[in-house]
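*Asks:* give me the fold of what follows.
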Amino acid sequence: MKNLLLVFALFYSSFCPAQDSAYTRKMVDKLTSKEFWGRGYTKDGMKKAADFIAEEYNKLDLIPFGTSYKQNFNFPVNTFPGKMMVEVNEKKLIPGKDFIINNESPTVKLKAALKQIDSLNFQASPILQVSLKDKLTWSVATEVGEKTQIQINRKALNTSPKRINVDIENRFISNFQASNICGLVKGTKYPDSILMITAHYDHLGGLGKDTYFPGANDNAAGVATLLSLAKFYAANPQPYSIGFICFAAEEAGLLGSRYYTENPLLPLNKIKFLINLDLVGTGEAGMTVVNGSVYPKAFSLLKEINDQHQYISKINSRGKAANSDHYFFSEKGVPAFFIYTQGGPSAYHDVFDQAYTLPLNKYNDLFKLLVSFNKKLMK
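*Replies:* The predicted structure follows:
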């Protein structure tokens, strides 16, 4: 009987990929830590994250696409490394939680009365406006504007804003240095045919000296899943090569993936299929596949696998969209899906997208689905 159970266990393990949930959680915690400061544009956050991911590639014995794991490029970006002080009605507000500024803001320092324009909008001067919001979300700008727009969480004020005191410092960097991180597990039979897995590792960085955006779901979860898949494939090489790219500057306008497609380190026509992972830290409400309707055969294959094993409760199909790093690849003729999950915390582009709130409750099932899908693509 014991021998029979052993045979069954060996048989079962050969068909079920091993996931390392603890490793995935560890990667999310690490990437969202204060050390990497939102994986952005101040305190060397993005560079530190890039170095860390390259080190993980090296530990897993991934092969660089070229002479290095890093593909370097640069772009302009507006940053906020220093002063970030806003007082309204003599109450000091907390960056990220109580207020944000528009990402194109220049340096501004002034005290002024606020003129009410309507119930939600106020003006202090021609170069400074204030709006009341129910939710604060931030982004990245590659240029500097002429005006500053301050958005204030309505819950932060007990009364209508009457007076404002502002001291905000910006720093425009014309050639911010960034790197895509690229590694490969070489195929055992068809090494020149590649299945590519991608995710962006950058996030929004920091707002002043004391506030940073952790970016747990967006996109530490995607990078952690990519690294877990890299760990699995490094231990289990496949007939096809499996490539891994962690992109920089997605939040600045898909700049890292665009740069890669314009300067490919491996020929784009060698990529059999690309799966881009972004916002995959949940899943109890299902998942969506961008480009699902563009590549109906591949989507049907994915659905067939999921229907058989019931990994994800629901898989939705979307059409073409320029909303993540798959886009420039599919524009160049590379078949590509962008996968994101749904349900769970609603935090997005704010300071509340934190590791401890991210459930990763469908990670194991998503992992199995992706490995099974890749296996089918290799036939």
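
*Asks:* my read is that I275 contacts L366, right?
*Replies:* No - if you go by CB atoms under 8 Å, I275 and L366 don't touch, sitting 10.8 Å apart. All C-beta atoms are positioned from the backbone trio N, CA, C, and that covers glycine.

*Asks:* show me the helices in the stretch 201-350 of the chain, by range?
*Replies:* 221-235, 255-262, 296-309, 327-331 (DSSP state H, counting those that start in this stretch).

*Asks:* and the first one, what's buried?
*Replies:* Judged by neighbour count using 16 or more other CB atoms under 10 Å, the buried positions of helix 221-235 are 221-234.

*Asks:* neighbouring contacts of that helix?
*Replies:* 17-20, 23-25, 27-28, 31, 53, 56-57, 60-62, 183, 185, 197-201, 242, 244, 246, 277-281, 358, 360, 363, 366-367, 370-371 (CB atoms under 8 Å, 6 or more residues apart in numbering).

*Asks:* surely P335 and K297 touch.
*Replies:* No - counting by CB under 8 Å, P335 stays clear of K297, with 9.5 Å between them.

*Asks:* between these two, which is the more surrounded one?
*Replies:* The neighbour comparison of P335 against K297 (other CB atoms under 10 Å) goes to P335, with 18 against 8.

*Asks:* and the residue nearest the centre of the protein?
*Replies:* The geometric centre of the chain, computed from its C-alpha atoms, lies nearest to N219 (CA atoms, centre = their mean), at 2.6 Å.

*Asks:* look up how far G40 lies from that residue.
*Replies:* According to CB to CB, to the nearest Å, N219 and G40 sit 12 Å apart.

*Asks:* what touches both of the two?
*Replies:* H203.

*Asks:* sec struct for F52, please.
*Replies:* Using DSSP: H, G, I helix; E, B strand; the rest coil, the structure places F52 in helix.

*Asks:* correct me, but it touches F36?
*Replies:* Yes - assessed by CB under 8 Å, F52 is found in contact with F36 at 7.4 Å.

*Asks:* quick check: S160 touching Q116?
*Replies:* Yes - at 7.2 Å, S160 counts as touching Q116 under the criterion of CB under 8 Å.

*Asks:* ok, which of the helices of the stretch 201-350 of the chain comes nearest F172?
*Replies:* F172 lies closest to helix 255-262 among these, at 16.1 Å (CB to CB).

*Asks:* output the contacting helices and strands for that closest one.
*Replies:* Applying 3 or more CB pairs under 8 Å, 6 or more residues apart in numbering; DSSP states H and E, one finds that helix 255-262 contacts strand 70-79, strand 171-185, strand 190-200, strand 240-247, helix 327-331.

*Asks:* ok, 7 Å please
*Replies:* strand 70-79, strand 171-185, strand 240-247, helix 327-331 (3 or more CB pairs under 7 Å, 6 or more residues apart in numbering; DSSP states H and E).

*Asks:* now it: buried residues?
*Replies:* Buried, per 16+ other CB under 10 Å, within helix 255-262: L255, G256, S257, R258, Y259, Y260, T261.

*Asks:* go on, stretch 242-257?
*Replies:* Counting neighbours by 16+ other CB under 10 Å, stretch 242-257 gives 242-252, 254-257 as buried.

*Asks:* in the stretch 51-200 of the chain, mark out all the strands, start to finish.
*Replies:* 63-64, 70-79, 84-88, 91-92, 99-101, 108-113, 115-116, 121-125, 128-133, 148-153, 163-168, 171-185, 190-200 (DSSP state E, counting those that start in this stretch).

*Asks:* quickly compare the ones you listed and say which is most buried.
*Replies:* Neighbour counts (mean count of other CB atoms under 10 Å) averaged over each of these peak at strand 99-101, with a mean of 24.

*Asks:* ok, F52 and F36, which is more surrounded?
*Replies:* Here F52 and F36 are set side by side on neighbour count (other CB under 10 Å), and the busier one is F36, at 27 against 20.

*Asks:* just confirm that one is within a helix.
*Replies:* Yes - checked against three-state DSSP, F36 lies within a helix.

*Asks:* format the helices of the stretch 201-350 of the chain as TSV; extra columns: distance to G205.
*Replies:* Formatted as TSV, those follow (distance: least, CB to CB, whole Å):
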stretch	distance to G205
helix 221-235	16
helix 255-262	14
helix 296-309	34
helix 327-331	22
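
*Asks:* CSV for those helices, including distance to L207 and mean pLDDT?
*Replies:* CSV is the format used below for the helices of the stretch 201-350 of the chain (distance: least, CB to CB, whole Å; pLDDT from 0 to 100):
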stretch, distance to L207, mean pLDDT
helix 221-235, 22, 98
helix 255-262, 20, 98
helix 296-309, 38, 98
helix 327-331, 27, 98
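
*Asks:* among these, which is nearest V290?
*Replies:* helix 327-331 (8.6 Å).
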